[in-house]
Each structure stands twice: as C-alpha cells, then as structure tokens.
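Engineer: Provided below for reference: sequence and predicted model.
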2 protein chains.
Amino acid sequence: MAKDGNGQAAAMRKLRRLVKGIRVAMMTTTHGDGTLHSRPMATCEALDEDGALWFFTSCETEKVREINADHHVNVAYSDPNDDRYVSIAGMARIVRDREKMQKLWSPTLRLWFPRGLDEPDIALLRVEVERAEYWDPSAGLFSAIVSR
Amino acid sequence: MAKDGNGQAAAMRKLRRLVKGIRVAMMTTTHGDGTLHSRPMATCEALDEDGALWFFTSCETEKVREINADHHVNVAYSDPNDDRYVSIAGMARIVRDREKMQKLWSPTLRLWFPRGLDEPDIALLRVEVERAEYWDPSAGLFSAIVSR
Ligand SMILES: Cc1cc2nc3c(=O)[nH]c(=O)nc-3n(C[C@H](O)[C@H](O)[C@H](O)COP(=O)(O)O)c2cc1C
C-alpha cells in the first residue's frame, strides 16, 4: 500500500475495522533474559485519534514489569476462521488516568478485575502504534503497512 | 498445573490438541532496533516427539534475518470464536533438510511457495519450545504452563 497521506488514512481506517472485529489480541513483551512472552488481552479502545490502543491491566504483573524494562510490544490480532491477521508493533506505557478508566470500563472486564475500578493496582496500558501490517484475503495475499 | 512428569505430559498433550485445532500462528521476532514483528505462519508439524514446532519459510525474508540475529521467538495461537489462546516461547533455527521438507510439504503451501520445494531459497524453521501457556475456558481462566 502507498505510504502517501491518502493511502495511509485508508489503511488506518481498514486497520481500525479489522481490530474492532477481533477484540482479543496476543500482546508480546520481552523478558529480561530475551524470552518473548505473549498473553491474550481484551482491547478497550482500538486506534483512537492519536493512533493508540488501550487495555486494562493490573500493575503487579509480569507484563508490566517487562514493559517497564522494555517498552517495545507487539499486539497481534488473528482470526483463523476468517483468515484475518494484524500485527501492530508499538511502545507501551502504564497510564493511571481515573477519568479515562471510567470511560473505557466495561462489565465484561470483571472476569479479570472482580472489584472493577476499585482494584487497588488497576491501570491502563496505552500502546502507541509504530508499525502495522495486515493480511486479509479480500485484499490479496500481501500485507499492507501503516508506519508512522 | 503441576510441573511433575505426569502433569507435564498431560499439559503437552493438551497443548498439541489446541495447536492442531488452530494451525495458523502469529510468530513474533525481534528486529535489530528492538521492535517486535509478527506475521501469520502455517504450522506444518506441531510439537513433535522433541517438543518442536515446524514451519516452511523462504530464507530471503526479514524474519530469517531477525532470527539469525536473535533466535528468540514467540508463537501465538489464538481462536477468538472459541476463546482459546496459546503462547509458546522458544528458540528458532533454519533447517535445510530435504527429506524432512518432503515429509512436511502440503499443497496448500503453494500460496506462499508457488514453485513448491523447487523454490530456490525454501527452508524449514524449527522452533524448540521453552515455555508454553494456554488459556482455555474449559480449563478455567488460568493458564497451564509447560516448561523445559
Ligand atoms: C494464513 C497465512 C499463512 C502463512 N503461512 C506462511 C508460512 O507458513 N511460511 C511463510 O514463510 N510465510 C507464510 N505466510 C506469509 C507471512 O505471513 C509473511 O508475509 C512472509 O513470510 C514474509 O514475512 P517477513 O517479511 O516478516 O519475513 C502466511 C500468510 C498468511 C496470511
């Protein structure tokens, strides 16, 4: 896909649609020994106007320790039934913004945060997208790239 | 899950079943600048008797350059419709074994390798599993871990 302004905007819209249709991503972080860890994460906001992804997290977790040591993450959305795959490389940061948390909270998150926004160490994880690619049969076999 | 011999063997069997049911994984590698890249890859053999995963690849690709510089990969299988997620951390290596290639080849791979095993730079990618976790609603919300 072209990297001019129009191609870029169209790719971003397409990316937003793909991500919305999948919701649960595998987020990969780097452990101190070089091992790459991934785990499923429910997307709360996909590609806001600044091109960021938002997730809820608990601060006392391996992923937050890994992210604090190395901000690089990959967020992969895949739906093998539909043959759609999205890879987003970005930089993750912990954000403790009560107002934003209230805006993004949804009851299904109680599975992981039974006490909701009263969990003592609940926070948001913001991923700033740096490079994105998708594979989508309707767009042919090749990947389209968004880079910032 | 217990890390004793029996628990480990049962976890490995379960893992093999999960991976077989999903087939296309997102494989994450580390770029020289620290960025994490992922792309869909069709699994050709899942967890052989040595606990390895096998894929076909072309040698003239970004992923092979990244793997030659840093062998750590994460292979993530996810099926959002079924709410199943598997994360496998391992070490990847290029293997040029004609006999093994003939054994693992399947016609659906022609999509990426139109000339089949006659592609000049076709090779196998072997991922030695080091740590695996899965999230499966039938097993509760928690993950089971296989570690070697
Ligand atoms: C469903 C699906 C399965 C794929 N399977 C493979 C595969 O088994 N081997 C492979 O080299 N590329 C496969 N590809 C293409 C890769 O995703 C990728 O575009 C290509 O290998 C180049 O990646 P790289 O530039 O990151 O090295 C597959 C693509 C899709 C959509």
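Structural biologist: Perfect, I can see it now. Numbering: from 1, shown residues only, chains lettered A, B, ... in the order given.
Engineer: check chain A for the residue nearest the ligand and tell me.
Structural biologist: For chain A and the ligand, the shortest gap (Cβ to the nearest ligand atom) falls at residue A:135, measuring 3.8 Å. From N, CA and C alone the C-beta is placed, and that goes for glycine too.
Engineer: is the residue lying closest to that residue once chain neighbours are set aside within a helix or a strand, and which one?
Structural biologist: Using Cβ to Cβ, 6 or more residues apart in numbering or on different chains and skipping the chain neighbours, the partner closest in space to residue A:135 is residue A:85 (4.4 Å). Element membership for residue A:85, per DSSP states H and E: strand A:84-95.
Engineer: quick check: buried residues in that strand?
Structural biologist: Under the neighbour-count criterion of 16 or more other Cβ atoms under 10 Å in any protein chain shown, strand A:84-95 has A:84-92 buried.
Engineer: biggest separation within those, which pair?
Structural biologist: Greatest spatial distance in those: A:84 and A:91, 24.4 Å, computed using Cβ to Cβ.
Engineer: where's residue A:82 relative to residue B:85, distance?
Structural biologist: For residue A:82, the distance to residue B:85 (Cβ to Cβ, to the nearest Å) stands at 16 Å.
Engineer: pLDDT at residue A:144, what is it?
Structural biologist: pLDDT recorded at residue A:144 is 71.
Engineer: revised request: answer the last question for residue A:39.
Structural biologist: 96.
Engineer: shouldn't residue A:109 be within a helix?
Structural biologist: Yes. Secondary structure of residue A:109 (DSSP: H, G, I helix; E, B strand; the rest coil): part of a helix.
Engineer: tell me how many other residues crowd the residue lying closest to it once chain neighbours are set aside.
Structural biologist: Counting by Cβ to Cβ, 6+ apart, residue A:56 is the residue found nearest to residue A:109 once chain neighbours are left out, at 5.7 Å. By the other Cβ atoms under 10 Å in any protein chain shown criterion, the neighbourhood of residue A:56 contains 20 residues.
Engineer: for chain A, which helix or strand comes out least confident on mean pLDDT?
Structural biologist: Of all the helices and strands that make up chain A, strand A:143-147 has the lowest average by mean pLDDT, DSSP states H and E, namely a mean of 72.
Engineer: secondary structure element for the nearest residue in space to residue A:51 that is not next to it in sequence?
Structural biologist: What sits nearest to residue A:51 in space, not counting adjacent residues and going by Cβ to Cβ, 6+ apart, is residue A:129, at 4.8 Å. Applying DSSP H and E as the criterion places residue A:129 in strand A:122-135.
Engineer: now that strand, how far from the centre of its chain.
Structural biologist: Centroid separation between strand A:122-135 and its chain, computed with Cα atoms, centre = their mean, to the nearest Å, is 4 Å.
Engineer: got the buried residues for stretch A:50-63?
Structural biologist: Residues of stretch A:50-63 classed as buried by neighbour count (16+ other Cβ under 10 Å): A:51-57, A:59, A:63.
Engineer: quick one: contacts of it?
Structural biologist: For stretch A:50-63, contacts defined as Cβ atoms under 8 Å, 6 or more residues apart in numbering or on different chains pick out A:12, A:19, A:25, A:27, A:29, A:31, A:37, A:39, A:41-48, A:64, A:75, A:88, A:90, A:94, A:100-101, A:104-105, A:109, A:112-113, A:119, A:121-129, A:148.
Engineer: that'll do, ta.
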